[in-house]
Structures are given as structure tokens and as C-alpha cells.
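> Attaching a predicted model along with its sequence, questions to come.
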Amino acid sequence: MTEVIGLLLLPLITAIIIPLIDYYFFQLVKKVIVISGIFNLYLAGEVLLRVNQAPLTYNLGSWGEKIGINLVIDPFSAVIIVVINFVALTVILYSVTYINQEEKKYYMLVLLLITGMLGLTATGDLFNMYVFIEIISITSCSLVAFRREATSFEASFKYLFMNSVSAILILLAIILIYQTSGTLNLAGLVITEIPTTFKGIILVLLLVGFSAKFAIVPFHGWLPGVYSAAPNPISALLAGIVTKIYLYALIRLLFILFSIPELIAYHLDVILIYGGVITLLVGHLLAFKQEKLKRLLAYSSIAQMGYIIIGLGLFSAAGLKASIYYMISHAVIKTALFLGAGLFMRQTGQDRIASYRGLGHKSPLVTGIFTISAINMVGLPPFNYFINKWLLIKAIAEQQMIIPVIFILIGTLLSASYYFRVIILLYSQEAESNKQEVKSITWQLKTPLFLLTASYILLFIAPNLPLVTEIMEQIPKFLLKPLNYYQILMGG
Amino acid sequence: MKAGYCSVIILFCLGLYTIVAYRNLIKIIIGINIMESSLILLLIIGGYRPQGAAPIITRPFEKVVDPLPQALALTSIVIGASITALMLFLVIKLNKEYGTLNIDEIRRLRG
């Protein structure tokens, strides 16, 4: 019980007491933040173990399940919470040495962002979901503008504009849901029926509102500018988990508000699968001609969202599981790639791919980790992404569809072509005339990369671990059969 | 009631038009604010009951308006205010960096 609320309160309280600690014992600030991150990861693990037995609930203010605001953690949220805490911990460890200016504000915003994301995954109330979405968008926009340069202000404005327009659409959907059903409780919404005339409008509003936030193709324009203008740890956070959290919210709402036959009657399966195919093709093709490493990574993450959407569009237990494995692996790998790109920028002081020529000979360790992550991202056999792709293709094949499989394979080839361009450049010899010295990197900056790389091995064997298989078996039970979700809170 | 819903739709479309048609950053922020206010109006109208009293249970009452949308309206006003503040901060900074408020001009200067 207390773990659930502790999980949300710990980053929030840490964020609030940072200025106090900074005022009295300023050398303790970073230690406190790192310890709170480690402790929160421990709490998340504890929650995951308990949720494996039975889903957890927490009643805020003891108002009762029906009228009060609840936190509900089912297996899906528990898995996402562990991923958030792990990625956030590595990003915090990285920031401790990477960020040198206005640290107090930076850590407060990062911790509030983490609180927002944890709240969005744990909440069982529709309006709370909206509030947490706005907390995430305000903090992430301020962090994008953190470098205080002209480009980052512009990117931040673009991001904030997109976020507030899509939040207005989501709010409109929430108001319509409340006025037609009379409840905001997610569990209560499972059993109340919304009139059919409103269902179509609500579906469109939610789909457009959320897909603008996680950058599906017609709405992807904001993403590369934002990722390349933000400080590196923040791009890692945005690409790694923030987009996944919005997708989490959409998945949760879709299955609670609509039954699967209804979703298929609205042709949502076709929209999601072919939207995903178009997204991955556009993302890969645009990534191909990028000159800057961070923009390349940003376009690649647009493409990866396409794969996840395809798995979701199958509306089957296997497709959903493949999607969730994909979300987890992409969160970890993209974070490692962005953090690695940050180290290259620190070493050479440049952001163009061409200026990283020959870096593999000067700092073999960092380049090696980046190379492993890039090969992993392409989806070549010895790593975890290959297994995800395999699961996804198997899930598609179960439904006798062939076109998405072909495009997934084409996408793999495309991503191989641009990632190998970078890898080859990193390991090729530098011209004698413009040899430049690279700055050395301290071990503090390398540790998070090691942690992330170690997690690949764990994720590689994860689909066969007993704990993971148990949890993964339970996820579709609560998502695809929302009556089970209703029973978590209301019993019976 | 009908007039209320009509004004919500008119305000929403007006906000949307302002966002799409104008290139000035301040006017875009105003457009977003108009859209948000229309939704807050929609919330309040949805909670309205004819001849309903204020939802204070200690007083004798026959019929009260729905209190939940009013709480939600307050929350969304606060959120809207903070988003507007952040947007205006960014506009001030953009104006200092580029010397203009026009989106196309900023895009051209950035190159």
C-alpha cells in the first residue's frame, strides 16, 4: 500500500526540498538526488513484485473507491514504472557531471517530470490523467529551453504550442466522456456505456490528441527540432520515456472506453497498422539524409514508434506483448544512443556526424558502446531488439497479414544503412591534415552507459525469465478484458 | 442552454481560426486561450441544472448543480494560466533573440 504512494511522493518531495538542501548543505544536493533515484527504483521493483501477486490500489484521502481519486497499478503500469525509474536514474547519474549550470532548477524540473510520468502511469482517474499530462508538458518544455539559446527557445515554443493544442483536444474528449457517462473513474468507465453518437468523436479526439504527442507521421514535424535543441540528457528522457508514457495513456483509454469489436468497426486496426507502416517508412527515409547525429536519432525514434503502433493495431494478446517489449527495449536503447551522442559532442565540441570521423580509435570504450547500441537498434541477432522484431513479426503472421511484415523488413534494411554509415565513419581513419585532440571523459559519465548496456543482456534473456513471463502473461488479461480492471478497484 | 452550447462552438472555432490564420506569436497564444476558455464554459454548462442551488450541503436544498465540473474548471484555469505564462516567457526570449514576433520571419532568420 505505502509503496504505491511513496513511489509518487519521493521524487515530488525531493524536488521540493532541493532548494532547502542547496541553501544549508549545498554539497549534498547531488548525493540526495542520486540516493532518491536509487531508492525509487527499489520501490518500483518492490511494487512490480507485489503486482505480480495481485494488482495494487491506493485510495487518496480515503474517500472510498467510487467517489474518491484512486491510484491503480496493474501489471502494465508496474512494468512501465520500473522502466521510467531505471531510465530516469541513468539520466540523473549522467546529468550529475554533464550539467554544470543552474543545477538546482534543472534537478527540480527533472524530478517534477518524473513525478508527472509516474502519476500518469499510476492514476485511476481520467481528470488526474489530464493534470499529469499538463505537468509533463510544462516541465519538459521548460527543460527543452534549458540551454537558453535562440534555437532552444524556438523548439520549446513549438513543443509547448503542440502540447497545449493536443491537450485541448484531450480535455474536450474528457469533458464529453464525463457528460455522457457521468463518471471520471477509469474503473467506473468500464461498466458505463457512452452513447454511440459521441463514441466516434471521442475516439478521434483522443487519437489525434495523443498521436500528436508521440509523433505519428502527420504530426511528427515538431520532434527533430525539439530533440536536437534540448540538452542531451533531456533528449534521452524525451525520446526514451516521455513519448512512451503518452502512448501508455492512449492504450489504457482505448481499451477501457471501447470494446475490441467496436474499435475494429471504426477501422482503428487498419488506421494503426498502416499509420505505423507509413510512420516507420517516413522516419527511416528522413533519417537517411541527416547531417547531425541527434537529428538522425530523432528521426529514428519516429520510425520506432511506427513499429510499436503496428503491434498495438493487431488488438491481439501477442501483438500487445510485442508492442510492450518494444516500448521497453526502445526506451533503454534510445537513451543509451542519445547519452553516447552527448559524449561525442563533449569530446569533439561538434554536432555533425562528419566531425566524428576516427573517434573509434581515440576513445574505444564510448564508441564501442555506441556501436553496440546502434547495431542493437537495427535489430541484428545477438541483441534484444532482434527478439522484439521476431515477436512482432510472429504476432502479425498469426493474423495472416503480409504487407506490414514486408515493410518491417524494408525498414530494417533502411535503418541498417544509416546506422552503419555512422559506425563506418566512427572507425575509419582520420585524414593526416586535420587531426584533432579529443577531450577525455570521466568514468562518472560512462557509468550510465554501462548500466544501460548491461540491461540489454537482461532484456535479451527477459522473454524467458519466469518473473517476466508471468507479468507479461497478465498484461493482456487486464488490458483486453477491462472487466478485470474494474474488479481490481471495485471487487466482485 | 442552447445559446450556451452555441457560444462554446463559436468560441472554439474562433480560437482555432486565430491559431491557423495569424502569424503573430502573441495572437496565437490568445487563440489557444480562447479555445481553452470555451472548454471551461462547456464544463460549467454541462454541470448546470435548471433552478439548481450552489452545491453546499450544510444548507437546506432541493436540487444542486453538479459540483465536479466546477472543480475541474478551476483546475483547468490554473493549468491554462501556467501554460500561458510559460508561453509568454518564451515569446519574450524569442523577441529578444530575433527582434520579431512573426513566425515566418523567425523561421527565415533561423535559416
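That came through fine.
> Quick check: which ranges of chain A have low pLDDT?
Residues of chain A meeting the criterion pLDDT under 70: A:1, A:431-436, A:492.
> Tell me the residues of it that contact chain B?
Proximity of chain A to chain B, by Cβ under 8 Å from any Cβ of the partner chain, involves residues A:127, A:130-131, A:134, A:137-138, A:141-142, A:145, A:148, A:150-151, A:153-154, A:156-157, A:160-161, A:164-165, A:168, A:171-172, A:175, A:178-179, A:184. Where you see a C-beta, it was placed from the backbone N, CA and C, and this is true even at glycine.
> Let's check: the centremost residue of chain B is which one?
Centroid-nearest residue in chain B: residue B:36, 2.1 Å away (criterion: Cα atoms, centre = their mean).
> so which helix or strand takes in that residue?
helix B:25-47 (DSSP states H and E).
> what's the closest non-adjacent residue to the residue nearest to the centre of chain B?
Closest residue to residue B:36 apart from its sequence neighbours, by Cβ to Cβ, 6 or more residues apart in numbering or on different chains: residue B:80 at 4.6 Å.
> ditto for residue A:168
That would be residue B:35: by Cβ to Cβ, 6+ apart, it lies 5.2 Å from residue A:168.
> got the contact list for the one you found?
A:165, A:168, B:11, B:12, B:15, B:16, B:19 (Cβ atoms under 8 Å, 6 or more residues apart in numbering or on different chains).
> do residue A:231 as well
Neighbouring residues of residue A:231 by Cβ under 8 Å, 6+ apart: A:98, A:99, A:143, A:146, A:147.
> mind listing the strands for chain B?
With DSSP state E as the criterion, chain B has no strands.
> typo on my end, it should be chain A
Under DSSP E, chain A gives strands at A:56-60, A:69-73.
> tell me what the last one is packed against?
Looking back up the chat, that one is strand A:69-73. Strand A:69-73 is packed against helix A:2-24, strand A:56-60, helix A:103-122, helix A:186-191, helix A:482-490, with contacts defined by 3 or more Cβ pairs under 8 Å, 6 or more residues apart in numbering or on different chains; DSSP states H and E.
> strand partners of the second one, parallel vs antiparallel please.
Partners of strand A:56-60 in the sheet, by DSSP bridges, are strand A:69-73 (antiparallel).
> residues making contact with the partner strand?
Residues contacting strand A:69-73 (Cβ under 8 Å, 6+ apart): A:4-5, A:8, A:47, A:51, A:55-61, A:63, A:81, A:121-125, A:128, A:185-187, A:485, A:488-489.
> Write out the residues of chain B neighbouring chain A.
Residues of chain B lying near chain A (Cβ under 8 Å from any Cβ): B:19, B:25, B:28, B:32, B:35-36, B:39, B:42-43, B:46, B:68-69, B:72, B:75-76, B:79, B:82-83, B:86-87, B:90-91, B:93-94, B:97-98, B:106, B:110.
> Narrow those to just the buried residues.
B:19, B:25, B:28, B:32, B:35-36, B:39, B:42-43, B:46, B:68-69, B:72, B:75-76, B:79, B:83, B:86-87, B:90-91, B:93-94, B:97-98, B:106 (16 or more other Cβ atoms under 10 Å in any protein chain shown).
> Skipping adjacent residues, who's closest to residue 95 in space?
No chain in the question, so chain A it is. Using Cβ to Cβ, 6+ apart, the nearest residue to residue A:95 is residue A:233, at 4.7 Å.
> Chain B, not that one
Nearest non-adjacent residue to residue B:95, counting by Cβ to Cβ, 6+ apart: residue B:101, 5.9 Å away.
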